[in-house]
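> need a structure here:
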Amino acid sequence: MAVKGLGKPDQVYDGSKIRVGIIHARWNRVIIDALVKGAIERMASLGVEEKNIIIETVPGSYELPWGTKRFVDRQAKLGEPLDVVIPIGVLIKGSTMHFEYISDSTTHALMNLQEKVDMPVIFGLLTCMTEEQALARAGIDEAHSMHNHGEDWGAAAVEMAVKFGKNAF
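Predicted structure coming up:
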């Protein structure tokens with residue numbers, strides 16, 4: 001049941017002219033760090049310059065929607081607007097309903113955020129049943145490792161910004 005990622009698009013996108021925001025939760029930091037690294041490495045391979053990747057943090061995944069909105073607004077106010085943003089978080093099921101509530105509300109808020117910020121918001125939220133699943137999806141579980149999903153999010157960010165961003169038309 002290994003998931004292989006996005007696959008190759010019909011076209012290779014040049015990210016050299018885009019600005020990308022990554023905002024990530026600090027909860028589950030080892031997994032988050034691997035996902036952020038994967039996204040950055042993939043975007044760099046598509047031409048995104050290091051100086052054009054701006055990184056911010058929030059305490060946890062629940063704070064991602066509000067933090068993302070404020071992050072996008074702040075960058076625009078500074079005269080350094082983003083073309084795409086990747087909120088990254090990890091939620092791992094525990095023994096209470098907390099996981100379901102946070103996963104559902106954060107997912108819906110991030111989805112609805114795209115219209116509010118008028119740019120692509122890449123869904124970088126892992127919702128896993130176990131820590132082992134999260135480690136595998138971050139590419140850091142040697143025994144059961146899948147690919148790093150952060151790479152997919154980086155590739156999706158470049159494609160969406162180039163094809164559908166404000167400067168695409």
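> make it CA atoms for all contacts and neighbour counts henceforth
Noted.
> Which elements pack onto the one helix or strand Lys163 maps to?
Element membership of Lys163 [criterion: DSSP states H and E] is helix 149-164. Counting contacts by 3 or more CA pairs under 8 Å, 6 or more residues apart in numbering; DSSP states H and E, helix 149-164 is packed against helix 29-45, strand 84-92.
> Which of these has the highest mean neighbour count?
strand 84-92 (a mean of 26; mean count of other CA atoms under 10 Å).
> what angle do the helix or strand just after it and strand 84-92 make?
Downstream of strand 84-92, the next assigned helix or strand under DSSP H and E is helix 98-117. Taking axes from the mean of the first three to the mean of the last three CA atoms, to 10 degrees, one finds that helix 98-117 is oriented at 170 degrees with respect to strand 84-92.
> can you tell me the average pLDDT over helix 98-117?
For helix 98-117, mean pLDDT is 95.
> List the residues that contact Glu41.
Glu151, Gly154 (CA atoms under 8 Å, 6 or more residues apart in numbering).
> same thing but 10 Å
Contacts for Glu41 were tallied using CA atoms under 10 Å, 6 or more residues apart in numbering; they are Leu35, Val48, Glu50, Gly150, Glu151, Gly154, Ala155.
> wait, what's in contact with the third one?
Taking CA under 10 Å, 6+ apart as the definition of contact, the neighbours of Glu50 are Ser16, Arg19, Val20, Ile40, Glu41, Met43, Ala44.
> what's the distance between the residue lying closest to Arg26 once chain neighbours are set aside and Gly89?
Spatial nearest neighbour of Arg26, excluding adjacent residues (CA to CA, 6 or more residues apart in numbering): Pro59 at 5.2 Å. Remark: distance between Pro59 and Gly89 (CA to CA, to the nearest Å) = 10 Å.
> shared neighbours, those two?
Shared contacts of Pro59 and Gly89, defined by CA under 10 Å, 6+ apart, comprise His24, Ala25, Arg26, Trp27.
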